[in-house]
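**Student:** Take this sequence and fold it.
(one chain, ligands or ions: 1)
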Amino acid sequence: MGVPKEERFSKGGFILSAIASAVGLGNIWKFPYITGENGGAAFFLLFIICLLIVGLPLLLAELAIGRSGRASAASSFVKLGGGRGWRAAGLLQVLTPFLILCFYVVVVGWTLHYAVLAFSGSLRAGSDFGGIFKHFIGGYMPIIWQAVSMVLIGWIVVKGVSGGIERFNKILIPSMAVLLVLLMIRAVTLPGAGAGVSFFLNPDFSQLTPESALVALGHAFFSLSLGMGILLTYGAYVDKRQSLGPAALAIGAGDLIYALIAGLIIFPTTFSFGIAPNEGPSLVFIALPAAFSAMPLGTLFGGLFFVLLAIAALTSAVSILEVPVAFAKEKWGWSRTKSVWIIAGISFVCGIPLALSLGMRPELGFLGKSLFDWIDFLTSNILLPVSGLIVTIFTGFYWKKAGEAAGLSSAWFRAWLFMLRYIVPVLMLLVLLYTSGLLKF
Ligand code: PHE
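**Tutor:** Modelled structure (predicted):
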């Protein structure tokens, strides 16, 4: 894959785009509820430690592989001297994001639908919010919204790396920052918000279990968009003069700051309205609309919240679509436009049964899980940690030129290699055993 100029990021554009990928439903939806389930502030600290010891080394490894390989996520390993045996490993880096794309876009659609619902004033105080959500996912509307989302995402990716992905992220990331700050100010000034802030920021270590550590690790990994081929792909578009170490730090810090502010919205809001912070996945679509509907100017703030959620989800979906698109361009020589619409089309069609499996077609599932949940489980809990293990083993043990490629000083390089060889693989293996259900507490 030759990488022409319009297929390259500028320095700042790259960092913003990697942050845009990292900040997604993971930060605003999942992070608050797992923090709630694991006791609050102590878990937040654990998450920061996991970002540092596992997230950053892997992030740097993926970027270095991508930039040196200058190829799609599938072929960089082979190109960098891993030999043919690494071909399957590379293909996994494209298959996993394709599968994630199929179900993630369904949820992007939900966020858009809720943005419209909230602004139209349909989320009124006293409504049956659980019923509204169930009614929505039980019908055909999710598929319409899934289609709208897919077209939006495809439209951005078709415009290319600098003219599409980077250009939109340069607008959307600052817009998200403004929305987050506005919503945070609203949340922390609600009556009773203090209890939420202190739950989130005052650690109580007695709440932590070994399980919390694995949840935090898995989430640090997911939140930085690792194991999804995204940073391998984006790495190929990075200028060779850009320093990857500081870039990785900036991306990690960006992801953390957005998660921190999301927490400062969710916890004060839920505490102020007497909602338990550990409601699980339904928190965002059921409990929060109830809270927004009950506050002054709730239509406005609820609407803004769902716009924020939609932008976060859209920009992450853009990054994940780019992975199979880069692969198709390289492998079959298709144009960007052709690659985008063929892949978006196939992924949309594959996503339909997933969307329906949550509502009107419950028979699309087995062993007590819907098809949607199975694909989520397979990708998030199994394929992602396996992909992460592959990256760490490749960089730590097989790739002779990793040091030069990452551009680290020799002390930092030794520390990085040590982490990639002895710490990250062990921790990733533990995460894999835990998320696949083989290790139980
Ligand atoms: N980091 C992303 C998030 O928090 C993970 C992700 C990226 C998921 C791209 C899907 C697509 O949501």
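
**Student:** other SSEs contacting the strand or helix carrying residue 324?
**Tutor:** Taking DSSP states H and E as the criterion, the element that holds residue 324 is helix 298-332. On a contact count with 3 or more Cβ pairs under 8 Å, 6 or more residues apart in numbering; DSSP states H and E, helix 298-332 meets helix 11-22, helix 25, helix 87-119, helix 141-158, helix 167-188, helix 230-235, helix 287-293, helix 336-357. The C-beta positions use only the backbone N, C-alpha and C, and glycine is treated the same way.

**Student:** Okay, buried residues for it please.
**Tutor:** Neighbour-count burial for helix 298-332, counted by 16 or more other Cβ atoms under 10 Å, picks out 298-299, 301-330.

**Student:** for the ligand, what are the nearby residues on the stretch 251-400 of the chain?
**Tutor:** Taking Cβ under 6 Å from any ligand atom, the part of the stretch 251-400 of the chain that reaches the ligand is made up of 316-317, 319-320.

**Student:** Next, format those as JSON lines and append distance to residue 213 and pLDDT.
**Tutor:** JSON lines is the format used below for those (distance: Cβ to Cβ, whole Å; pLDDT from 0 to 100):
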{"residue": "316", "distance to residue 213": "25", "pLDDT": "97"}
{"residue": "317", "distance to residue 213": "29", "pLDDT": "97"}
{"residue": "319", "distance to residue 213": "28", "pLDDT": "97"}
{"residue": "320", "distance to residue 213": "27", "pLDDT": "97"}
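
**Student:** Of all pairs in those residues, which one is the farthest apart?
**Tutor:** Based on Cβ to Cβ, the longest span within these runs between 317 and 319 and measures 7.4 Å.

**Student:** what about stretch 403-419, average pLDDT?
**Tutor:** Mean pLDDT, computed over stretch 403-419, is 91.

**Student:** Quote the end-to-end distance of it.
**Tutor:** Terminal residues of stretch 403-419 are spaced 13 Å apart (Cα to Cα, to the nearest Å).

**Student:** and if you look at stretch 355-371?
**Tutor:** Between the opening and closing residues of stretch 355-371 lies a distance of 9 Å (Cα to Cα).

**Student:** Excluding its own residues, what touches that stretch? List them.
**Tutor:** The list of residues contacting stretch 355-371 from outside it, by Cβ atoms under 8 Å, 6 or more residues apart in numbering, reads 106, 109, 137-140, 142-143, 146, 353-354, 372-374, 377.

**Student:** between these, which is nearest the ligand?
**Tutor:** The shortest separation between the ligand and any of the contacts of stretch 355-371 is 11.6 Å, and it belongs to residue 106 (by Cβ to the nearest ligand atom).

**Student:** Let me know how buried that closest one is, in neighbour terms.
**Tutor:** Neighbouring residues of residue 106 were enumerated by other Cβ atoms under 10 Å; the total is 24.

**Student:** right, and it touches residue 353 too?
**Tutor:** No. Taking Cβ atoms under 8 Å as the contact criterion, residue 106 and residue 353 are not neighbours in contact, 10.3 Å apart.

**Student:** Just the pLDDT for the residue nearest to residue 60 when sequence neighbours are not counted.
**Tutor:** Once its chain neighbours are removed from consideration, residue 60 has its nearest residue in residue 248; the separation is 4.5 Å (Cβ to Cβ, 6 or more residues apart in numbering). As predicted, residue 248 sits at a pLDDT of 96.

**Student:** same question, the one 10 residues further on
**Tutor:** We have a pLDDT of 94 for residue 258.

**Student:** cool, and the one 3 residues further on?
**Tutor:** In the predicted model, residue 261 carries a pLDDT score of 95.

**Student:** wait, doesn't it sit right on residue 182?
**Tutor:** No. With contact defined as Cβ under 8 Å, residue 261 does not count as touching residue 182 (10.5 Å).

**Student:** Could you check which of the two has the larger neighbour count?
**Tutor:** Neighbours were counted for residue 261 and for residue 182 using other Cβ under 10 Å; residue 261 has more, 20 against 16.

**Student:** what's the helix or strand for the more buried one?
**Tutor:** Of the helices and strands defined by DSSP H and E, residue 261 is found in helix 244-272.

**Student:** Could you name the helices and strands sitting against that helix?
**Tutor:** The helices and strands touching helix 244-272, judged by 3+ Cβ pairs under 8 Å, 6+ apart, are helix 11-22, helix 31-37, helix 41-50, helix 56-69, helix 167-188, helix 193-201, helix 287-293.

**Student:** Just give me how far the longest one sits from the chain centre.
**Tutor:** Averaging C-alpha positions (Cα atoms, centre = their mean, to the nearest Å) puts helix 167-188 17 Å from its chain's average.

**Student:** is any part of that helix close to the ligand?
**Tutor:** No. Using Cβ under 6 Å from any ligand atom, no contact is recorded between helix 167-188 and the ligand, whose separation bottoms out at 12.6 Å.

**Student:** how about that helix: buried residues?
**Tutor:** So for helix 167-188, counting by 16+ other Cβ under 10 Å, buried means 167-169, 172-173, 176-177, 179-180, 182-184, 186-188.

**Student:** Can you give me the buried ones in the helix or strand in which residue 373 is found?
**Tutor:** Taking DSSP H and E as the definition, residue 373 sits inside helix 371-376. By neighbour count, and taking 16+ other Cβ under 10 Å as the criterion, the buried residues in helix 371-376 are 371-372, 374-376.

**Student:** Count the neighbours of the closest residue to residue 403 other than its chain neighbours for me.
**Tutor:** Distances taken as Cβ to Cβ, 6+ apart place residue 413 nearest to residue 403, at 4.6 Å, with adjacent residues excluded. Using other Cβ under 10 Å, residue 413 has 16 other residues around it.

**Student:** Next: residue 154.
**Tutor:** By the criterion of other Cβ under 10 Å, residue 154 has 23 neighbours.

**Student:** Settle this for me: it is touching residue 339, isn't it.
**Tutor:** No. When contacts are counted by Cβ under 8 Å, residue 154 is not listed as touching residue 339 (10.1 Å).

**Student:** Return the residues in contact with residue 435.
**Tutor:** Neighbouring residues of residue 435 by Cβ under 8 Å, 6+ apart: 214, 218, 380-382, 385.
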